[in-house]
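1. Got a predicted model here, sequence first, then my questions.
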Amino acid sequence: MTRLISKAAILGLVVTAGLTLAGCQSAPETPEASLYQKLGKRAGIAQIVEDLLFLIVDDERINQQFKGLDVASFHRNLTDQLCQLSGGPCTYSGRGMREVHADMAITDTQFNALTENLILAMEENGVGTGAQNRLLKRLIPLYPDVRNL
Amino acid sequence: MKDVPVLLAALLLLTAQSAFADIGSRIWATGGVTTIEGSAGGGLVPWALLGSYASDEEWGGTLALSRAETDDYTLAVIGAGINWNNRVELTVARQSLDLDALVFTLSNGFGLEQDELNQDIFGAKIRLAGDVLYSPWGQWSAGIQYKRQRDFTVPAAIGARDDSGTDVYFSGSKVFFAALFDRNLLVNATARATRANQGGLLGFGGDRNNSYEVMAEASAGLFLNRRWLVGAEYRQKPDNLGFAGEDDWWDLFVAWVPDRRLAVTAAVVSLGDVATLEDQQGLYLSLQGSF
Ligand code: HEM
């Protein structure tokens, strides 16, 4: 079986991530922060993103796109982005969505595949339907940028 | 309908076989279910969604069996559809209406010996713009349903003008994420130009009105989670026949979509007065397989 991103790389990253991120766990108890808390704070989100990576690797519809991915940097940036979007105390420091995805010619099929995998990753981590929906609601405005429409 | 067991077997076989092949990529339950007219939608109202799970680089299909039992009638429908690239949907459906109690009215009043009405419906729907999940302004589609009576004796006797007709409709659908109790809300609106009496089962046009009229149809459903959708539908109807008044339809439904292969829909339907028999209410059950 050919792997486009190695599972070992994903696992290796978890250990480092766990060490570096222990510092930003406390969030203020505002309504904005409650989605962040339902996702399990930054550690929970990091776990969701890791499970998402495993699902991506196994998904023939999209894994070609992720060939040669810098797993650690992708994991950090996506985790920060979801953390920030969910109202957590993180700052996304990656590139802009349109800039990142513009050359990939991402199709609706691929966008749906990624959405499906994100939902499955949230389910695997016991995120409830309500919290899933609230996160998706905040991600969907990024659709035109990701698909470069 | 005699061919139901055969079709049921075919449906199960198809779904079982295709379990090994790829199914489309659209998110669970975003293909709607199969309406009584074959087009994707709810039970009574077509939605802007296209059937099956085909996304923009995929093919998909559906097969459905439905049954509505009201106080004095039984409607059985078999429907099938294909979807190309989530752009074009082509469907066929056959409806069989068991007249049950109406048989006496027909034989006493009209001297007609008939206990069943049958109709074939050929549908096409095209997605014009947008995506039900991802576009802020929702998804918009246009469709046609060409309907053909298989036996026109009864509709002709009660005043229908034509044994075939074409409905044209325009539909918008949109899912609002985390809209109610953090649940996703699906909203549909459809405008249909039609001359059909009771959806076409009683023919097209009539003595009271013989021209096209635009009817409003709407539905809304709440996703309890990605497997369960509960909602309601409303369908305005023309009133073309002097023989008997025709009422609007509505239903309350619950749909269970355990995975992309299967959808089961149950509903309480209210069809109002149908061909002199009053206040037809009953249960609707529909089974859909996707591949
Ligand atoms: C709402 C949906 C999406 C969001 C929020 C999102 C978010 C991100 C983020 C935050 C990054 C990291 C950017 C960086 O490191 O500077 C990224 C990179 C990437 N995304 Fe997406 N993405 C989405 C959809 C997709 C889809 C559908 C695909 C393809 C199937 C895709 C493929 C990629 C790839 C291959 C990279 C790595 C690019 C690189 O490092 O050069 N993304 N995405």
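-> Ah, there it is.
2. The one residue in chain B that gets nearest to the ligand: what's its closest spatial neighbour, skipping adjacent residues?
-> Nearest residue of chain B to the ligand, counting by Cβ to the nearest ligand atom: B:Tyr134, 9.1 Å away. Heads up, the C-betas are built off the backbone N, CA and C, glycines and all. Leaving aside its chain neighbours, B:Tyr134 sits nearest to A:Tyr143 (4.3 Å; criterion: Cβ to Cβ, 6 or more residues apart in numbering or on different chains).
3. for B:Lys245, what are its contacts?
-> I think there's a mix-up here, since residue B:245 is Gly and not Lys. B:Asp239, B:Asp273 (Cβ atoms under 8 Å, 6 or more residues apart in numbering or on different chains).
4. Distance check, it against A:Thr79.
-> 63 Å (Cβ to Cβ, to the nearest Å).
5. cool, B:Ala68 as well?
-> B:Ala68 sits at a distance of 50 Å from A:Thr79 (criterion: Cβ to Cβ).
6. Would you mind measuring from the residue of chain A found nearest chain B to B:Asn184?
-> In chain A, the residue found nearest to chain B is A:Gly130; the distance is 3.1 Å by Cβ to the nearest Cβ. According to Cβ to Cβ, A:Gly130 stands 10 Å off from B:Asn184.
7. shared neighbours, those two?
-> Going by Cβ under 8 Å, 6+ apart, residues that sit against A:Gly130 and also against B:Asn184 are B:Ala178.
8. out of the two, which sits in the busier spot?
-> B:Asn184 (25 against 16; other Cβ atoms under 10 Å in any protein chain shown).
9. In contact with the more buried one, which residues are there?
-> Shown in contact with B:Asn184 (Cβ under 8 Å, 6+ apart): A:Asn133, B:Val175, B:Phe176, B:Phe177, B:Ala178, B:Leu222, B:Phe223.
10. Remind me which helix or strand it belongs to.
-> Using DSSP states H and E, B:Asn184 maps to strand B:183-194.
11. what about that strand, average pLDDT?
-> Averaging pLDDT along strand B:183-194 yields 98.
12. continuing past it, what's the next helix or strand?
-> Using DSSP H and E, the first helix or strand after strand B:183-194 is strand B:213-225.
13. Quick one: residues in contact with that next one.
-> A:129, B:29, B:41-42, B:44-47, B:169, B:175, B:180, B:183-195, B:229-238, B:253, B:255.
14. circling back: the residue nearest to B:Tyr134 in helix, strand or coil?
-> helix (DSSP: H, G, I helix; E, B strand; the rest coil).
15. and it, what is it in contact with?
-> By Cβ under 8 Å, 6+ apart, the neighbours of A:Tyr143 are A:Phe111, A:Leu149, B:Asp131, B:Tyr134, B:Ser135.
16. In contact with the residue nearest to the third one when sequence neighbours are not counted, which residues?
-> I take that to be B:Asp131. Among residues not flanking B:Asp131 along the chain, B:Gln139 sits closest, at 5.5 Å (Cβ to Cβ, 6+ apart). By Cβ under 8 Å, 6+ apart, B:Gln139 lies in contact with B:Ala48, B:Leu49, B:Arg127, B:Ala129, B:Gly130, B:Asp131, B:Val132, B:Gly172, B:Ser173, B:Lys174.
17. which residues sit in contact with the third one?
-> Each residue near B:Arg127 by Cβ under 8 Å, 6+ apart is listed here: B:Ala48, B:Leu50, B:Asn86, B:Arg87, B:Val88, B:Gln139, B:Trp140, B:Ser141.
18. Which helix or strand contains it?
-> strand B:116-129.
19. cool, B:Ser270 as well?
-> strand B:262-274.
20. so how far is that strand off the chain centroid?
-> Taking Cα atoms, centre = their mean, to the nearest Å, one finds strand B:262-274 lying 10 Å from the centre of the chain it belongs to.
21. Kindly report the same for stretch B:217-228.
-> For stretch B:217-228, the distance to the chain centre is 16 Å (Cα atoms, centre = their mean).
22. Show me what counts as buried in it.
-> Of the residues in stretch B:217-228, B:Glu217, B:Ala218, B:Ser219, B:Ala220, B:Gly221, B:Leu222, B:Phe223, B:Arg226, B:Trp228 count as buried by neighbour count, 16 or more other Cβ atoms under 10 Å in any protein chain shown.
23. Of those, which pair is most distant in space?
-> Of all pairs drawn from those, the one with the longest distance (Cβ to Cβ) is B:Glu217 and B:Arg226, at 25.4 Å.
24. rewinding a little: the strand holding B:Ser270 pairs with which strands?
-> strand B:249-259 (antiparallel), strand B:277-290 (antiparallel) (DSSP bridges).
25. A:Ile48: which of the ones you listed is closest?
-> Nearest to A:Ile48, of the strands paired with strand B:262-274 and by Cβ to Cβ, is strand B:249-259 at 21.7 Å.
26. What angle do strand B:213-225 and the closest one make with each other?
-> Orientation check (axes from the mean of the first three to the mean of the last three Cα atoms, to 10 degrees): strand B:249-259 against strand B:213-225 gives 40 degrees.
27. buried set for strand B:249-259?
-> Buried, per 16+ other Cβ under 10 Å, within strand B:249-259: B:Trp249, B:Trp250, B:Asp251, B:Phe253, B:Ala255, B:Val257.
28. Please apply the same query to stretch B:104-124.
-> B:Thr105, B:Leu106, B:Leu112, B:Glu116, B:Leu117, B:Gln119, B:Asp120, B:Ile121, B:Gly123.
29. and the end-to-end length of it?
-> Across stretch B:104-124, the terminal residues are separated by 37 Å (Cα to Cα, to the nearest Å).
30. sorry, back to before: not counting its neighbours along the chain, what's nearest the residue of chain A closest to chain B?
-> Nearest non-adjacent residue to A:Gly130 (Cβ to Cβ, 6+ apart): B:Asp182, at 3.1 Å.
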